[in-house]
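Novice: The following comprises the amino acid sequence and a computationally predicted model.
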Amino acid sequence: MQEFDIGIIGGGPGGLAAAYGLHARGMNVAVVEKDLWGGTCPNRGCDPKKILMAAVEAQGHSEALQGHGLTGVPQIDWSALMAAKRAYTQKIPSGTQGGLEAAGIANFHGTASFNADGTLIVGDEQLNAANWIIATGQEPRLPKIDGQEWLRTSNEFLDLDKLPQDITLMGAGFVGVELAAIANAAGSRVHLVHHNARPLRAFDQDLVGDLLDRLRENGVDVKLDTDITAVAPADDQYQVTTATGETWTTGLVFATAGRTPVLADLHLDRVDVATTTHGITVNGRLQSSNHHIFAVGDVVDRPQPKLTPVAGFEGRYLTETLTTCDSPAIQYPVIPAVVYGKTQLAQLGVPTVQAEAQPEKYKINDLDLTHWYSYQRIQDPHARIKVVVDKATNKIVGAAVLSSEAEQVINYLDFVISNQLGMDDINATIMAYPTLASDLTYFN
Ligand SMILES: Cc1cc2nc3c(=O)[nH]c(=O)nc-3n(C[C@H](O)[C@H](O)[C@H](O)COP(=O)(O)OP(=O)(O)OC[C@H]3O[C@@H](n4cnc5c(N)ncnc54)[C@H](O)[C@@H]3O)c2cc1C
Ligand SMILES: NC(=O)c1ccc[n+]([C@@H]2O[C@H](COP(=O)([O-])OP(=O)(O)OC[C@H]3O[C@@H](n4cnc5c(N)ncnc54)[C@H](O)[C@@H]3O)[C@@H](O)[C@H]2O)c1
């Protein structure tokens with residue numbers, strides 16, 4: 001039996017943030033990982049996806065400048081792009097584990113499960129800790145349809161040796177829309193199929209509509225209100241069937257219909273940890289129904305979006321909580337969300353739908369940016385922002401942005417909102433011109 005102050009299950013962004021923070025505060029910490037050290041984000045999530053997106057973005061910028069100074073649209077060489085991605089991801093697990101070793105943090109590779117006495121089994125090892133942190137993340141959900149066994153997931157997409165000429169994505173959430181943008185840019189015919197009329201439902205629906213229009217213009221077959229009911233092999237391809245009897249043949253079908261918490265191996269029933277279908281139930285201190293077991297990251301049942309910076313924020317919060325008496329409940333700052341692609345959709349702070357419902361409190365500046373200098377310069381085909389302003393303070397409290405530059409604009413606005421800056425503060429700052437940052441002056 002090995003004894004620790006804190007045992008952390010899951011070596012992704014949430015678990016690692018907690019591990020390094022608690023170790024720095026003098027705690028004797030152990031981390032357990034069953035698969036790839038580093039977790040989803042750097043191995044099969046954000047980072048590999050964004051490497052593929054680099055080529056997508058470059059192609060999008062080149063397309064926009066055809067007839068405006070550039071000729072010839074660059075084509076994506078999938079094998080070379082995948083090699084570039086692998087050159088990055090292959091180093092992640094060993095590099096992450098090496099970092100733990102170098103810091104002197106105990107690490108165990110294997111699947112962790114609890115015993116009824118509250119100790120943890122990892123292969124042949126038995127660990128005991130005063131407190132535990134569960135950071136086991138989420139995994140792709142496979143919808144229950146005929147031929148479920150033929151469905152692939154984002155894990156396989158982000159490591160495909162060869163991209164089929166035709167693919168089908170089942171679900172138009174973050175993952176489905178981003179993979180559609182990548183496959184479309186790389187030359188595949190993409191069917192993006194969503195079961196209801198509200199894809200990316202957490203985002204401003206006008207801007208989601210604009211984004212889907214852009215995908216359609218680029219050749220993506222977007223099907224809303226369409227239920228895929230069966231997938232069956234057909235020669236070396238697959239036949240897809242919908243509830244209305246529509247069928248088509250496609251190279252591969254990917255389930256992009258959401259993710260589900262990774263709990264199965266843990267035997268949480270043995271240690272009285274309450275869960276829902278959305279993950280581990282926690283109080284404001286990220287403490288589960290077992291007061292010695294905490295949870296962070298994607299595996300937590302909470303309303304905040306499941307993103308890497310949120311997992312890291314929670315990990316750092318537990319560093320405080322587990323080393324300080326009477327720490328307050330977690331308070332999240334505003335959280336930016338970005339759907340990447342040639343056209344990016346980003347959102348932050350008070351949602352436009354909430355602002356529309358409270359016209360006495362908020363005004364919305366709905367600005368078509370397409371003809372603004374920053375976007376004309378790069379010939380961005382469609383750029384729009386909705387800025388939510390609190391009428392009482394005249395300060396920006398939220399925004400929804402659609403453009404090829406939305407990821408940058410949303411981070412500038414994050415800085416403005418998080419620091420409660422007003423237009424006077426913005427105008428008092430001299431920013432390099434002409435840049436996206438200097439546009440901030442004109443948003444309110
Ligand atoms: C395709 C894709 C793209 C994404 N893009 C972005 C993006 O652009 N920006 C962004 O902010 N977020 C993005 N995300 C979300 C982001 O990856 C997650 O929010 C983040 O990884 C959550 O971190 P985590 O530590 O909670 O979980 P994870 O990173 O999932 O880590 C959990 C770890 O726990 C391990 N584990 C599970 N069970 C056990 C067990 N019993 N014993 C031991 N170990 C166990 C797992 O193997 C895993 O390594 C993306 C996700 C996907 C799938
Ligand atoms: N850029 C980013 O930051 C980024 C990228 C990818 C993932 N993520 C994170 O990972 C999480 C999971 O992403 P996701 O896209 O897997 O989930 P999601 O919940 O964002 O989207 C899944 C979508 O699939 C739909 N769906 C469910 N069942 C379906 C079915 N049978 N047929 C068709 N559609 C169906 C759902 O209505 C939903 O809109 C996100 O919520 C986000 O927090 C973030």
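Specialist: Thanks, I have the structure now. Predicted model only: the values in this text are computed from it and were never measured. Ligands and ions are numbered 1, 2, ... in the order given.
Novice: Counting neighbours, which bits of stretch 77-87 end up buried?
Specialist: Of all the residues in stretch 77-87, those buried under the rule 16 or more other CB atoms under 10 Å are 78, 81, 82, 84, 85. Using the backbone N, CA and C atoms, a C-beta is placed for each residue, glycine as well.
Novice: Repeat that for stretch 211-220.
Specialist: 211, 212, 214, 215, 218, 220.
Novice: Give me the distance between residue 355 and ligand 2.
Specialist: To ligand 2, residue 355 is 22 Å away according to CB to the nearest ligand atom, to the nearest Å.
Novice: ok, how many other residues are close to that residue?
Specialist: Summarising burial for residue 355: neighbours were counted as other CB atoms under 10 Å, giving 23.
Novice: likewise residue 55?
Specialist: Counted with other CB under 10 Å, residue 55 comes out at 21.
Novice: So residue 116 sits against residue 270, correct?
Specialist: Yes. Taking CB atoms under 8 Å as the definition, residue 116 is a contact partner of residue 270 at 4.5 Å.
Novice: Is ligand 1 within reach of stretch 22-35?
Specialist: Yes. Counting by CB under 6 Å from any ligand atom, contacts between stretch 22-35 and ligand 1 involve 32, 33, 34, 35.
Novice: Could I get the phi/psi values of the closest residue to ligand 1 within the stretch 201-350 of the chain?
Specialist: Using CB to the nearest ligand atom, the closest approach of the stretch 201-350 of the chain to ligand 1 is made by residue 297 at 2.1 Å. Here is the backbone geometry of residue 297 (degrees, to the nearest 10): phi 80, psi -160.
Novice: Just the element for the residue lying closest to it once chain neighbours are set aside, please.
Specialist: Nearest residue to residue 297, sequence neighbours excluded (CB to CB, 6 or more residues apart in numbering): residue 14, at 2.8 Å. Taking DSSP states H and E as the definition, residue 14 sits inside helix 13-24.
Novice: outside of that helix, which residues touch it?
Specialist: 5-6, 8-9, 11, 29, 31, 33, 38-39, 41, 96, 100, 103-105, 133, 135, 137, 296-299, 308, 311-316, 318-319, 322-323 (CB atoms under 8 Å, 6 or more residues apart in numbering).
Novice: pLDDT value on residue 106, please?
Specialist: Predicted confidence (pLDDT) at residue 106: the value is 98.
Novice: burial count for it?
Specialist: Residue 106 has 18 nearby residues by other CB under 10 Å.
Novice: Identify the residue nearest it in space, chain neighbours excluded?
Specialist: residue 30 (4.2 Å).
Novice: Please name the residues that touch the one you found.
Specialist: Neighbour list for residue 30: 2, 4, 6, 7, 8, 105, 106, 107, 108, 127, 129 [criterion: CB under 8 Å, 6+ apart].
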